[in-house]
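Peer 1: here's a sequence, model it:
(2 chains)
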Amino acid sequence: MAGSSSNQDIFDVRKIRRMVELMKEHDLSEIDLQQGEVRLQLRRDVHIPSPASVPLPQPPPVAAAPVAPAPAEPAAPAAAAASEGAVIKSPIVGTFYAAPDPDSRPYVKVGDHVGGDTTVGIVEAMKVFNEISAEISGKIIAVLVENGEPVEFGQPLFKVDTNQ
Amino acid sequence: MFKRILVANRGEIALRIFRACREMDVETVGIFSEADRGAEYLKLADEAFCIGPAKATESYLKIDRVISAAEIGNVQAIHPGYGFLAENAHFADVCQSCNIEFVGPTHQAMALLGDKNAARSLAAKADVPTVPGSDGLVNDEGAALKIAHSIGFPVLIKASAGGGGRGMRVALNDLALKSAIQQAQAEAEAAFGCGDIYIEKYVEHPKHVEVQVLADHHGNVVHLWDRDCTMQRRHQKLIEESPATNLPQETREAMCEAAVRLVKAADYTNAGTIEFIVDREGNFYFIELNARIQVEHPVTEMLTGVDLIKSQIRVAAGEPLPFSQEDIKTNGAVIECRINAEDTENGFRPSPGVIEKMIVPGGFGVRFESHVHAGYCVSPHYDSMIGKLLVHQPTREEAISCMLRALGELRIKGIKTTVPLLKKILQHKAFAQGQVDTTLIERTWPS
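Peer 2: This next block holds a predicted model:
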């Protein structure tokens, strides 16, 4: 995958995404990380019907995390894994943009409903801005790429719950 | 020197370029299709991007995706390897417009020499002998018959937009010529998008000898001697060697000098190969100039000690050639065998699949260029060549003996390869005597 210099921050979206993948790959139900005073916990429903919703002994200081992406993002992948949604992939190579221009709001966010023709983002290639259509209907349950991130052919961009 | 280069290719040539760049401290960006995802050789690149599904037309041949990968990979240059986009003048032009250096000739030189008919005219102007034939394109039957009668049958009808051994038909008489022309035009239109054809005298049982050249952006042109590629099957090379066998030194020198003249006349830069055919009387004729690095480039590297891939990159970066013609020395004899994943007992049909076990030969003077290994899955989507085995020895006899020994050590289990056939060829008397021609395989082992 397109790699760039990684930072050590446990709230880096790329790292969290990778952790979610690892959880699915190895059928893990929980990852619990601590870094200084900051803690990240990811949980996923695996076969067991009883919810493992025991509260943490330490306060989850997600809101205090000094990261640019919305604090809600780290929780989203865990919820996403639970309903194994479909994925919107990039049909081309280029740079992903979440909004039509830097001053506008993103095309979609978690929770939005999309139809086949809904534009969910832009992938810019060779100065041409290609609108990416959802091609499937459902609810956006995860945004898997950051604004301005390089993406390759077939790279997952969004997770969609097609049941909603 | 470039900081980063994108390698717009796959397999063994991509690996070759990654290696050269690593040694020069140049970072690399690889590209891959879904079929090549996870390939071990890609790990030698600093970054790699998926650019499409398995089909080459939707991945390795997709100019916009290759350029996009170059942009997000932040490269200053693209090395196209051989095949795919290597001789696509439009691609070279696009690279230039995007301010990315193309490691190869200019698109103008490529376009000029890609037109085989135009290349012939240029050769004539540069005093490079060409096969007797039509003065230009042949448009109708009447003209074709006239030319055929003046140069004499048999004649070869060739597609102007063709190359690499494709788009050619032989006609032995008037009747055959008429139908051959129609078929050749239709085939050329379908395969190359251009139905233009020209006619040449058909040289029977020729030797195929090519000359490697390097030209920088400062006007320096050198040749790196010849390669004999006569050992072919259906116009596809199987074995290459240098020096060319049974070629008088003065003929060799004349050919190499002719190659340099042509390169200068075409304003051609970077690496290139000038192909000639040599008839039974020892006359040589220019066929085409391949505006790219070739599969068999390691033959010349071993013979002369010059790293051609690094030279290409240096030339593209604007450096002058660090050697003059007098500095290019040859040493001993080199033979290369192409190892293809093909079933030679069943019409050479491709034999894709997983390589279960693999043992690679070694020893003094042995070089194995391959991206495959035990566990590798040879996919059916691309060229069937999985590796090149080269040997370098003081004499040709020793090179043949070494190659036989190395082929005996090479073990590839799980797919069929051309190794058994290669051994047979190397043991054939005609090969030992350098008396082969391009039709030997079909005549000796028809299938």
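Peer 1: only C-alpha atoms for contact and neighbour calcs from this point on.
Peer 2: OK.
Peer 1: any regions of chain B where pLDDT drops low?
Peer 2: Residues of chain B meeting the criterion pLDDT under 70: B:163-165, B:447.
Peer 1: for it, which segments count as helices?
Peer 2: In chain B, the helices defined using DSSP state H lie at B:11-23, B:63-72, B:89-97, B:107-114, B:116-125, B:141-151, B:174-192, B:249-265, B:297-304, B:308-316, B:396-409, B:419-427, B:429-432, B:440-444.
Peer 1: got TSV for those helices, with distance to chain A too?
Peer 2: Below are those laid out as TSV (distance: least, Cα to the nearest Cα, whole Å):
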stretch	distance to chain A
helix B:11-23	17
helix B:63-72	5
helix B:89-97	10
helix B:107-114	20
helix B:116-125	32
helix B:141-151	46
helix B:174-192	27
helix B:249-265	33
helix B:297-304	31
helix B:308-316	22
helix B:396-409	37
helix B:419-427	36
helix B:429-432	48
helix B:440-444	43
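Peer 1: dump those to CSV, plus mean neighbour count.
Peer 2: Shown next, in CSV, are the helices of chain B (neighbours: other Cα atoms under 10 Å in any protein chain shown):
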stretch, mean neighbour count
helix B:11-23, 20
helix B:63-72, 24
helix B:89-97, 18
helix B:107-114, 20
helix B:116-125, 19
helix B:141-151, 16
helix B:174-192, 17
helix B:249-265, 19
helix B:297-304, 22
helix B:308-316, 23
helix B:396-409, 19
helix B:419-427, 17
helix B:429-432, 14
helix B:440-444, 14
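Peer 1: of those, which is nearest residue B:81?
Peer 2: With Cα to Cα as the criterion, residue B:81 lies closest to helix B:11-23 of the helices of chain B, at 6.1 Å.
Peer 1: same for the closest one, what does it pack against?
Peer 2: strand B:4-7, strand B:27-33, helix B:308-316, strand B:385-393 (3 or more Cα pairs under 8 Å, 6 or more residues apart in numbering or on different chains; DSSP states H and E).
Peer 1: just the pLDDT for the closest residue to residue A:42 other than its chain neighbours.
Peer 2: Spatial nearest neighbour of residue A:42, chain neighbours left out: residue A:31 (5.2 Å); criterion: Cα to Cα, 6 or more residues apart in numbering or on different chains. Looking at residue A:31, its pLDDT reads 85.
Peer 1: next, count neighbours for residue A:31.
Peer 2: Using other Cα atoms under 10 Å in any protein chain shown, residue A:31 has 14 neighbouring residues.
Peer 1: for residue B:29, find the nearest of the helices of chain B.
Peer 2: Nearest of those to residue B:29, taken as Cα to Cα: helix B:63-72 at 7.7 Å.
Peer 1: quick one, domains of chain A?
Peer 2: With domains defined by automatic domain parsing, chain A comprises A:13-71, A:86-161.
Peer 1: low pLDDT regions in chain A?
Peer 2: For chain A (pLDDT under 70), the answer is A:1-11, A:45-84.
Peer 1: so what's the closest residue to chain B within it up against?
Peer 2: Residue nearest to chain B within chain A (Cα to the nearest Cα): residue A:153, separated by 4.9 Å. Contacts of residue A:153 were listed using Cα atoms under 8 Å, 6 or more residues apart in numbering or on different chains, and they are A:89, A:90, A:91, A:92, A:93, B:49, B:50, B:51, B:52.
Peer 1: in TSV, list these along with neighbour count and distance to residue B:248.
Peer 2: Formatted as TSV, those follow (neighbours: other Cα atoms under 10 Å in any protein chain shown; distance: Cα to Cα, whole Å):
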residue	neighbour count	distance to residue B:248
A:89	20	61
A:90	21	59
A:91	18	57
A:92	24	54
A:93	29	53
B:49	28	49
B:50	27	50
B:51	30	49
B:52	26	50
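Peer 1: and the two most separated of those?
Peer 2: Every pair of the contacts of residue A:153 checked by Cα to Cα; the farthest is A:89 and B:49, at 14.3 Å.
Peer 1: contacts only, for the nearest residue to residue B:199 once chain neighbours are set aside.
Peer 2: The shortest distance from residue B:199 to any residue other than its chain neighbours is 4.7 Å, reached at residue B:157 (Cα to Cα, 6+ apart). Counting by Cα under 8 Å, 6+ apart, residue B:157 touches B:168, B:169, B:170, B:171, B:180, B:181, B:184, B:197, B:198, B:199, B:200.
Peer 1: can you pull the contacts of the spatially closest residue to the last one that is not a sequence neighbour?
Peer 2: In other words, residue B:200. In this structure, residue B:200 finds its nearest non-sequential neighbour in residue B:133, 4.0 Å apart by Cα to Cα, 6+ apart. Residues near residue B:133 by Cα under 8 Å, 6+ apart: B:147, B:151, B:198, B:199, B:200, B:201.
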